[in-house]
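In: Pasted the sequence and its predicted model underneath.
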Amino acid sequence: MNYEFDTMLVYSASKSRFLDDVLDDQIHEIIHREFQRRLFRKAAQSEVNAWRNSMKEMRQVLSDSDIPVDSLVSIEYNIPLTGKRIDFILTGRNAQFQDCAVIIELKQWSEVQATTQDAIVNTWIGNGLINTPHPSYQAWTYAALIEDYSEVVQNENIRLSACAYLHNLNDGRVINDEFYKAHTSKAPVFISKDARKLSDFLKQHVKYGDQNDLMYRIEHGRIRPSKNLADSLASMLKGNTEFLMIDDQKLVYETALNLVHAKKPDQKRVLVVQGGPGTGKSVVAINLLNEMTRLGLVCQYVSKNAAPRAVFEAKLTGTLKKTRISNLFRGSGAFTDIEFNSFDVLLVDEAHRLNERSGLYGNLGENQIKELINASKLCIFFLDEDQRVTFKDIGSKAEICKWSELAGARVFEQKLRSQFRCNGSDSYISWLNHHLQIEPSANLNLDGLDFDFQVFDSPTKLHDAIRNKNKINNKARMVAGYCWDWKSKRNPQANDIEFPEFHYQAQWNLSDDGSAWIIAEHSVEQVGCIHTCQGLELDYVGVIVGPDFVIRDGNVITDATRRSRMDQSIKGFKSGLKTDRAKNLALADAVIKNTYKTLMTRGMKGCYVYFTDEETRAYFTSLMSVLTRSPAQKKPVLLKYEGLELPIVDASQKAANNAPVFDLRFAAGGFGEHQDIDNFDRVVLPDHIRASDDCFVAQVVGDSMNKRIPSGAWCLFRLNPQGTRNGKIVVVQHRSISDAELGGQFTIKRYKSEKIAAQDGWINSTVVLNPESTNPIHKPIVLNAAESEEIKVIAEFLTVL
């Protein structure tokens, strides 16, 4: 699954077209329609109103005749790898005829208050006064991120500029305060009376029109992967800026620095920072370690897991003395006898992995959370409760708050949402959570996901693929669930993980490499486990999912008894079944699911998986589209037409007796009302069939409609059917649908609606999407009146070929 669909830019038009769209009072509707089509969800009404209001203000700014009419306006551009959207971009060429882009951060704010935190202001959002990044900081960091990640910008010397426009703000004294000059000098901020000044700013950078479709090239160009934290650590601790902290990351960073200088120095402070995989928890922690050390504070980076500490220390060797390096990093069990407030700051990364007791045999101390809070004036816990992967893991927000209260500490909370690991990780993690059945999600669309997810049918092929990826830069590794005994620990010649039917054999990560296995030379030949990769980053990860995780009839079943008897992560499971069976089964279920989620989110560029269970492998394979996409052709290309016995001709041979052929899941995910379907291979239809221009051929896989459409059948469909849909078999899109057969929010079912009279005519009271299957597992999908308004019928089934 390595698509490059056009889903990162919601609106793009020439300046003249943009002015017309605003004048016709349609711009907010156009943006929202495209927003829903591309992101598969509705925007909040407040955001729609903001588009309407802000675009009217931008129309006034762009009405200046000296801003070229053929400059291009882009709205709601999603920055690769971050999940952040840029409000407004104007592109063209400058006086030197260089391609250029001006990023404009738009705000509805009417009031701003200063803070003592760098790049942080207070403003009213919703019903409360909140801390938020200064809009100038947002604007220039967004520009810098595009420069970091876009090879088009880097290689073609594209000129990027940034500014902010607070068109409802009447008083600019706070937002332009000298305290924020470091950021306003990089991205000037304009207020309500500055429309002409903003026009002049734009004219300084955009003198000629956009003749080269700059945003299209940026959007469809190659993306450079995220920086690797371990590789960047040495440079960071030398004082270099390696990672730009955006939005909530900057807010967490500044909140922590603010807490260091609290007015009541004797009162303990605890900061709880929650964030999922790739939200930058470790990046913020290391940035804080660097800054706290620079300030002369006694500060340490703490983690229960030895692997991140070992990798970070290894990367620092040669840049600082080993003794100083060792003093910066410490295990979570080393604080049992530390005196009260010995440290100014403790940065506890991967806090979800903390244990109750310390020591090799769990016989030291009382509680690691209690001891960490006791040892420091400020304790910052970075955690993701969904990454607790052993029975001993006690790190939760509730547990931290409990011990903080007992210590008399004041607790502060922050959340990290900006994603950096996994290209497009919001979508990927939602998809993964859903299909691992950790957390259901209605947002299962993976279109636009520049992330390479593949299911392999043998561990041998999987390992070979990882070896090939590793040749690039030594950042690809194999990992597995702990379902095989570690025989090689006692006998170095023994193999641990074996699949004789595939002639595959491998060892667990060798003891010689210790916790630094993930960066050790030749370690691509071994298989790592959860303990040697959690909290660390790779470009590509290959995952062997063992028999402890299987799919049966679409349901996840976990079985802790299928794990190795040497696995300490579920120690106490069998005995616990006798005392509280339900609790221990639920705990084991969470540990197994969280383990595989963690393993499958170690790769920033891709995840390759082999499922040992055949039904599970088939299930995940069915979720994958059989399409690849050629960026040059910008059209999908089917890898094969298995089972289609009709002749195939080139797209140029369009005729009345043929129709384009493509994958039905792609059709649902990528085709809008105005999509051109003429650039596909075409199927020569039987003599008795004549297709209209809006017909296409696709294969239906799955048994939910097998009474009418056999699984694997190639069928003729009509795109965007008009008229009544009642009683017809149709392909339907809706945010509440989660269909494994067709993928994400789309399904093929027989459509039935019931209508009621309304002031404007008849409306649907209920829509029922009925399966027609011999398999009782398939149930009707019932949508109420409100839900039925969001239904989109993609195509109508015509006949089986």
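Out: Good, I have the coordinates.
In: hey, where'd the strands end up in the stretch 301-450 of the chain?
Out: 329-331, 343-348, 376-383, 410-416 (DSSP state E, counting those that start in this stretch).
In: and these as JSON lines, adding mean neighbour count?
Out: Quick note: C-beta positions are derived from backbone N, CA and C, even for glycine. Listed next are these as JSON lines, based on neighbours: other CB atoms under 10 Å:
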{"stretch": "strand 329-331", "mean neighbour count": "17"}
{"stretch": "strand 343-348", "mean neighbour count": "25"}
{"stretch": "strand 376-383", "mean neighbour count": "27"}
{"stretch": "strand 410-416", "mean neighbour count": "17"}
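In: Kindly reformat these as TSV containing mean pLDDT.
Out: Formatted as TSV, the strands of the stretch 301-450 of the chain follow (pLDDT from 0 to 100):
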stretch	mean pLDDT
strand 329-331	85
strand 343-348	93
strand 376-383	95
strand 410-416	91
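In: of those strands, which approaches Gly362 most closely?
Out: strand 329-331 (13.8 Å; CB to CB).
In: Neighbouring strands of the closest one in the sheet, and parallel or not?
Out: Strand 329-331 sits in its sheet next to strand 299-303 (parallel), going by DSSP bridges.
In: Next, count neighbours for the nearest residue in space to Lys268 that is not next to it in sequence.
Out: Counting by CB to CB, 6 or more residues apart in numbering, Ala409 is the residue found nearest to Lys268 once chain neighbours are left out, at 3.7 Å. Look at Ala409: counted by other CB atoms under 10 Å, it has 21 neighbours.
In: about what we covered before: a markdown table for the strands of the stretch 301-450 of the chain, including distance to Leu289?
Out: Shown next, in a markdown table, are the strands of the stretch 301-450 of the chain (distance: least, CB to CB, whole Å):
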| stretch | distance to Leu289 |
| --- | --- |
| strand 329-331 | 9 |
| strand 343-348 | 6 |
| strand 376-383 | 10 |
| strand 410-416 | 17 |
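In: Of those strands, which is nearest Glu76?
Out: That would be, of the strands of the stretch 301-450 of the chain and by CB to CB, strand 410-416, which comes in at 22.1 Å.
In: so what secondary structure elements neighbour that closest one?
Out: In terms of contacts (3 or more CB pairs under 8 Å, 6 or more residues apart in numbering; DSSP states H and E), strand 410-416 is packed against helix 248-260, strand 269-275, helix 397-406.
In: okay, the ones you listed, which one's buried deepest?
Out: Mean neighbours per residue, mean count of other CB atoms under 10 Å, is largest over the helices and strands packed on strand 410-416 for strand 269-275, with a mean of 23.
In: Partner strands of that strand, with direction?
Out: strand 376-383 (parallel), strand 410-416 (parallel).
In: Same list (the helices and strands packed on strand 410-416) but as a markdown table, adding mean pLDDT and distance to Val684.
Out: Shown next, in a markdown table, are the helices and strands packed on strand 410-416 (pLDDT from 0 to 100; distance: least, CB to CB, whole Å):
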| stretch | mean pLDDT | distance to Val684 |
| --- | --- | --- |
| helix 248-260 | 90 | 55 |
| strand 269-275 | 94 | 54 |
| helix 397-406 | 94 | 62 |
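In: Distance to Leu19 added to the ones you listed, as a markdown table?
Out: Formatted as a markdown table, these follow (distance: least, CB to CB, whole Å):
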| stretch | distance to Leu19 |
| --- | --- |
| helix 248-260 | 35 |
| strand 269-275 | 41 |
| helix 397-406 | 49 |
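In: Minimum distance to Pro500: which of those has it?
Out: Smallest distance to Pro500 across the helices and strands packed on strand 410-416 (CB to CB): 42.3 Å, for strand 269-275.
In: Between helix 248-260 and that closest one, find me the angle.
Out: On the basis of axes from the mean of the first three to the mean of the last three CA atoms, to 10 degrees, strand 269-275 is oriented at 170 degrees to helix 248-260.
In: Work out the gap between the helix or strand following strand 269-275 and the centre of the chain.
Out: As assigned by DSSP states H and E, the chain's next helix or strand after strand 269-275 is helix 281-294. In terms of CA atoms, centre = their mean, to the nearest Å, the centre of helix 281-294 is found 23 Å from the chain centre.
In: Give me the distance between stretch 608-627 and the centre of its chain.
Out: 21 Å.
In: again with stretch 455-470
Out: 24 Å.
In: Could you list the buried residues of it?
Out: Val455, Phe456, Pro459, Thr460, Lys461, Leu462, His463, Ala465, Ile466, Lys469, Asn470 (16 or more other CB atoms under 10 Å).
In: And stretch 515-528, by the same measure?
Out: Neighbour counts over stretch 515-528 (16+ other CB under 10 Å) mark Ser515, Ala516, Trp517, Ile518, Ile519, Ala520, Ser523, Val524, Gln526, Val527, Gly528 as buried.
In: And stretch 18-25, by the same measure?
Out: Phe18, Leu19, Asp21, Val22.
In: farthest-separated two in those residues?
Out: Leu19 and Asp21 (7.4 Å).
In: out of the strands paired with strand 269-275, nearest to Asn122?
Out: Between these, strand 410-416 lies closest to Asn122; by CB to CB that is 15.2 Å.
In: what's in contact with that closest one?
Out: Contact partners of strand 410-416, identified using CB atoms under 8 Å, 6 or more residues apart in numbering, comprise 248-249, 251-252, 255, 259, 267-276, 279-281, 284, 397, 400-401, 404-405.
In: low-confidence ranges in the stretch 201-350 of the chain?
Out: For the stretch 201-350 of the chain, the stretches with pLDDT under 70 are 223-244, 265, 315, 317-327.
In: just to revisit the earlier point, tabulate the buried residues of stretch 515-528 (JSON lines), appending distance to Gly481.
Out: Shown next, in JSON lines, are the buried residues of stretch 515-528 (distance: CB to CB, whole Å):
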{"residue": "Ser515", "distance to Gly481": "19"}
{"residue": "Ala516", "distance to Gly481": "22"}
{"residue": "Trp517", "distance to Gly481": "17"}
{"residue": "Ile518", "distance to Gly481": "17"}
{"residue": "Ile519", "distance to Gly481": "22"}
{"residue": "Ala520", "distance to Gly481": "21"}
{"residue": "Ser523", "distance to Gly481": "18"}
{"residue": "Val524", "distance to Gly481": "19"}
{"residue": "Gln526", "distance to Gly481": "15"}
{"residue": "Val527", "distance to Gly481": "10"}
{"residue": "Gly528", "distance to Gly481": "11"}
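In: biggest separation within these, which pair?
Out: Ser515 and Val524 (16.9 Å).
In: Might you list the low-confidence residue ranges for the stretch 551-700 of the chain?
Out: For the stretch 551-700 of the chain (pLDDT under 70), the answer is 625-641, 663-679, 688.
In: What of the stretch 701-801 of the chain?
Out: Residues of the stretch 701-801 of the chain meeting the criterion pLDDT under 70: 735-745, 755-764, 786-790.
In: Strands of that one, residue ranges please.
Out: Under DSSP E, counting those that start in this stretch, the stretch 701-801 of the chain gives strands at 713-719, 729-733, 746-758, 761-770, 781-784, 792-800.
In: highest average neighbour count across those?
Out: Greatest burial across the strands of the stretch 701-801 of the chain, using mean count of other CB under 10 Å, falls to strand 729-733, with a mean of 23.
In: Partner strands of that one and their direction?
Out: Counting by DSSP bridges, strand 729-733 is paired with strand 746-758 (antiparallel), strand 792-800 (antiparallel).
In: next one: the last one to chain centre, how far?
Out: This points to strand 792-800. With CA atoms, centre = their mean as the basis, strand 792-800 stands 32 Å off its chain's centre.
In: What about the buried residues of stretch 455-470, which are in helices?
Out: Members of the buried residues of stretch 455-470 lying in helices (criterion: DSSP state H): Pro459, Thr460, Lys461, Leu462, His463, Ala465, Ile466, Lys469, Asn470.
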